[in-house]
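>>> Structure for this input, please:
(chains A, B and C)
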Amino acid sequence: MFAEGELLRRADALAGWSIAELAARLQIPLPERPERAKGFVGRLLEEALGATAGSRPEADFPALGVELKTIPLDSQGKARESTFVTYASVDELCGSDWESSRVRHKLARVLWIPIEARPGLTFSERRIGIPLLWSPNAAQEELLRADWERLSEALIAGEAGDVRGNVGQVLQLRPKAARAEVRSLQWDAEGFASLAQPKAFYLRAPFTTSIFAAANPIGGQ
DNA sequence: TATTGATCATGC
DNA sequence: GCATGATCAATA
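Numbering: from 1, shown residues only, chains lettered A, B, ... in the order given. Next up is the predicted model:
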C-alpha cells in the first residue's frame, strides 16, 4: 500500500482528464444511458486510484483511512448535489456518541475529487478537477457534531423514523432505498423492534461547496 | 431553482 | 436485503 502523498499525487495527475478519456485509458466502456449510471463516475475514480474496498463497508483506502468521494461542481465551484455519507440505524445510534460515530469516522479523512457537472454535459465534456485531501477543521467538525447529535436524537425519538430531510444545517437524513416502500427492521432505545424507512446521512451541498471555497480562496484556481 | 424524497447499478 | 457508488426528478 502506498502513502497518502502518493495517493494525492496520483489524483493530481488525473486533473484535466475528461471522464471519457479516463474510461478509455482504463478500457472501461461508457454507460449507454448516463442518466441511469449514477455511480459510474465514483467507481471509475476508485478503479483509477486503486481503491480496494469495493462494496465492502470499509474506507476506500483502509491502510490510509482515506475515503474517496467524487463531487459534481458547476462552473462556479458550487456543489450540484448532496453527498452520501452512511446509513443511519437507530440501534447503532443509541449507544453511540459523536466521537465513535460512523459519520465522524467516514469524514475524518476524505479525498474529494471534483467533477465538472451541469445538465446536458456528456462524459467527454465532464473534466476531472484538482483533488482536495480534507479533514474537518474545528469549526466544520463542530457543525457536523451538532447536526449529528440533533439528528440522532430525533431519529431515536421518532416512532416511525419520521425525521425529514429539512432538519440539520450541514448534515441531513434522507431516505435511502431501492424503492420508497422499502422498510427495514430497527430497534429503539428500549429494545423494541419496528419497521421503518431506511435513512442515510448526507452532507448538504452548500457545506461541501464551502469546503472547496475554504481550500481555494478567491483568486485561486 | 434549490431542496427533499426517490431511484439506478453493482456485488455479495 | 444491505452496503457500496451517487444522481434523478418531483415538489416546494
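>>> interface residues of chain A facing DNA strand B?
Within chain A, the positions adjacent to DNA strand B are A:33, A:36-39, A:54-55, A:81-82, A:164-166, A:172, A:174-180, A:197, A:204-206 by C-beta under 7 Å from any atom of the strand. C-beta coordinates here come from the backbone N, C-alpha and C atoms, glycine included.
>>> among these, which ones are buried?
By neighbour count, with 16 or more other C-beta atoms under 10 Å, these hold A:Ser82, A:Gln172, A:Lys176, A:Gln197, A:Arg204, A:Ala205 as buried.
>>> hmm, which two among these are most spread apart?
In terms of C-beta to C-beta, these reach their longest pairwise distance at A:Gln197 and A:Ala205, which sit 22.4 Å apart.
>>> Okay, now the unreliable bits of chain A?
Chain A contains residues with pLDDT under 70 at A:1, A:53-55, A:159-161, A:218-221.
>>> Of the residues of chain A next to DNA strand B, which belong to strands?
Assigned to strands by DSSP state E, the following of those qualify: A:Gln172, A:Arg174, A:Pro175.
>>> any idea which of those is closest to A:Trp112?
Comparing those against A:Trp112 with C-beta to C-beta places A:Gln172 closest, at 18.7 Å.
>>> hang on, that closest one packs against A:Phe201?
Yes: contact status for A:Gln172 versus A:Phe201: in contact at 7.5 Å, counting by C-beta atoms under 8 Å.
>>> Residues that sit against both of the two, list them.
Shared contacts of A:Gln172 and A:Phe201, defined by C-beta atoms under 8 Å, 6 or more residues apart in numbering, are found at A:Leu151.
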